[in-house]
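[1] Give me a model of this one.
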Amino acid sequence: MVLFYDPERGRGGLDKRRPPVLHSAILAATMSLSAVMTFFMGRVAVAGRYGASSAALSVFFGLSTVSAGLLLATLLWPDTSLRQWRAVLGAGALPALYLHFAFGSDPDRSPCSAELFHIVPMVAVAASLLLNALWVIDPILLVTYGGYLWAFVRLHSRRAYQFRSLGSEVGTTHIWLRIVIGVLCASLALEVAIFAELVRGGAIETSRPLLLSTALFFGLVSYALLGAMGRPSLFEHVYDMVVDRASKPEENEARSAPGPADHALVQRINSFLGDPIFLSDDALTLSRLSKRLGVPARAVSVAVNRVTRQSFSDLLNDRRIALATRLMNEDPDRSLLDIMYAAGFGSKSNFYTQFKRRKGMTPAAFRTQHSAGRCTRNQNSDICKSRNTHGNLGRPDETG
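    The predicted structure follows:
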């Protein structure tokens, strides 16, 4: 839903058909979800760290909301004069999405004057509309689309360095980036098909490529909303921004000596985290635990910080790694993939990162080392050798 199309193209049958109900419904739903994400990311942006990255994503969803609204207006009221301005919104949405990832390299990064370059496509398209130079708009948008798609691919190739500050959430960020690249590639192909259809005199309201493009973007927005609000394990790099910052204790609170209430609350937290079934839930978050305890998330965060001198996410990962190592010792033949899920990790990259951070080695190396120790004590080398061949997560570079 990016490329501009001349409003005079494909108008032959436009006024003779009723607006497509399915397409209108998808656009209305896309508008609603994009608006929710706009406000959600706006809230994240004012919470503190990663503010610039969150603000850029909020702008992207805001522009997408308006763009979907203008397309819906085009379908319902073909003579509206606002539809041509969708091209301006499209020229601004893609740079905003790129800046979301680019700013993610530094939690405290602020926009600088160099970032003003990214508004050039939007300004160029707006100027072309005002000057009635409509023939220039399609080439501008195609170059913009291709250029930013290449920029996204470059970010992906540098992902280990680019997103190193995200820590354990870097794996999820990579998935999110791959999804965005895939959606952009599919959208580009569909937009070219839409453009070709309109050039041939087709009607925009009956365009199947446009319907597919709308449905594709609706899926992207739904995934983002699902991850940010309903399934944090899919969107940790956004969810943690909001929860960790909103619940982060003030410096004077963190330095205060823990009181009886803090110790009592941490004892309740430890009881929950001591349950392997509860701990195995990869959607477990500070917010969800606080609801189970019936206390505010901030109170949980403050108590954990005062008593343990660490954040809730660090405490949670400590317990999950402890559970994983216990499961390895209890059942040496159990696969590491099964242990990973049983310990509450939703991705291999996060599991390996957290395990290596705490144990100084990969899970496979840890299993091999401890199996060798048991072999020395039990003098049962044949069985141990067979056991040491099991449990790899499919990463030959981390077998020990």
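[2] Below-threshold pLDDT in the stretch 201-350 of the chain: ranges please.
    Scanning the stretch 201-350 of the chain for pLDDT under 70 picks out the ranges 204-205, 226-256.
[3] if you set the cut-off to 80 instead, what comes out?
    Applying pLDDT under 80 to the stretch 201-350 of the chain flags residues 201-207, 222-258, 282-285, 287-288, 297, 346-347, 349.
[4] can you map out the helices along it?
    Here the stretch 201-350 of the chain has its helices, by DSSP state H, counting those that start in this stretch, at 208-225, 236-247, 251-255, 260-273, 276-279, 286-293, 297-308, 312-330, 336-342, 348-359.
[5] just so I know, which of these lies nearest Gly62?
    Closest of those to Gly62 is helix 208-225, at 12.1 Å (criterion: CB to CB). All C-beta atoms are positioned from the backbone trio N, CA, C, and that covers glycine.
[6] residues of that closest one that come out buried?
    Within helix 208-225, the residues that qualify as buried are 209-214, 216-218, 220-221, 223-225, counting by 16 or more other CB atoms under 10 Å.
[7] now what about that helix, what contacts it?
    With contacts defined as CB atoms under 8 Å, 6 or more residues apart in numbering, helix 208-225 is touched by 1, 20, 22-23, 26-27, 29-30, 33-34, 36-37, 40, 61, 64, 68, 71, 179-180, 183, 186-187, 190-191, 193-194, 197, 204, 234-235, 238.
[8] circling back: now the helices of the stretch 201-350 of the chain as CSV including distance to Arg109?
    Below are the helices of the stretch 201-350 of the chain laid out as CSV (distance: least, CB to CB, whole Å):
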stretch, distance to Arg109
helix 208-225, 21
helix 236-247, 13
helix 251-255, 22
helix 260-273, 33
helix 276-279, 34
helix 286-293, 25
helix 297-308, 24
helix 312-330, 21
helix 336-342, 32
helix 348-359, 22
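[9] picking that back up, what's the closest of the buried residues of helix 208-225 to His370?
    So of these, ranked by how close each gets to His370 (CB to CB), first place is Tyr223, at 39.2 Å.
[10] what's the spacing between that closest one and Val180?
    Using CB to CB, to the nearest Å, one gets 10 Å for the distance from Tyr223 to Val180.
[11] got it, and Leu289?
    Leu289 is 30 Å from Val180, by CB to CB.
[12] Ala186 too?
    Between Ala186 and Val180 the distance is 11 Å, computed by CB to CB.
[13] of these two, who's got more company?
    Neighbour tally, Ala186 and Val180, criterion other CB atoms under 10 Å: the higher count belongs to Val180, 21 against 14.
[14] tell me which residues in the host helix or strand of the more buried one are buried?
    Assigned by DSSP states H and E, Val180 belongs to helix 170-199. Residues of helix 170-199 classed as buried: 170-174, 176-177, 180, 183-184, 187-188, 190-191, 193-195, 197-198 (neighbour count, 16+ other CB under 10 Å).
[15] Show me what that helix is packed up against.
    helix 86-102, helix 137-157, helix 159-162, helix 208-225, helix 236-247, helix 348-359 (3 or more CB pairs under 8 Å, 6 or more residues apart in numbering; DSSP states H and E).
[16] now those helices in TSV, with distance to Ser53?
    Formatted as TSV, these follow (distance: least, CB to CB, whole Å):
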stretch	distance to Ser53
helix 86-102	5
helix 137-157	12
helix 159-162	12
helix 208-225	14
helix 236-247	8
helix 348-359	20
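[17] Which of these sits closest to Ser54?
    Among those, helix 236-247 comes nearest to Ser54, with 6.2 Å by CB to CB.
[18] on that earlier part again, quick check: which of the helices and strands packed on helix 170-199 is nearest to Ser301?
    With CB to CB as the measure, helix 236-247 is the member of the helices and strands packed on helix 170-199 nearest Ser301 (4.1 Å).
[19] So for Val125, which of the helices and strands packed on helix 170-199 sits nearest?
    helix 86-102 (4.4 Å).
[20] Mind checking what helix or strand follows that closest one in sequence?
    Trace forward from helix 86-102 with DSSP H and E and the next one is helix 120-130.
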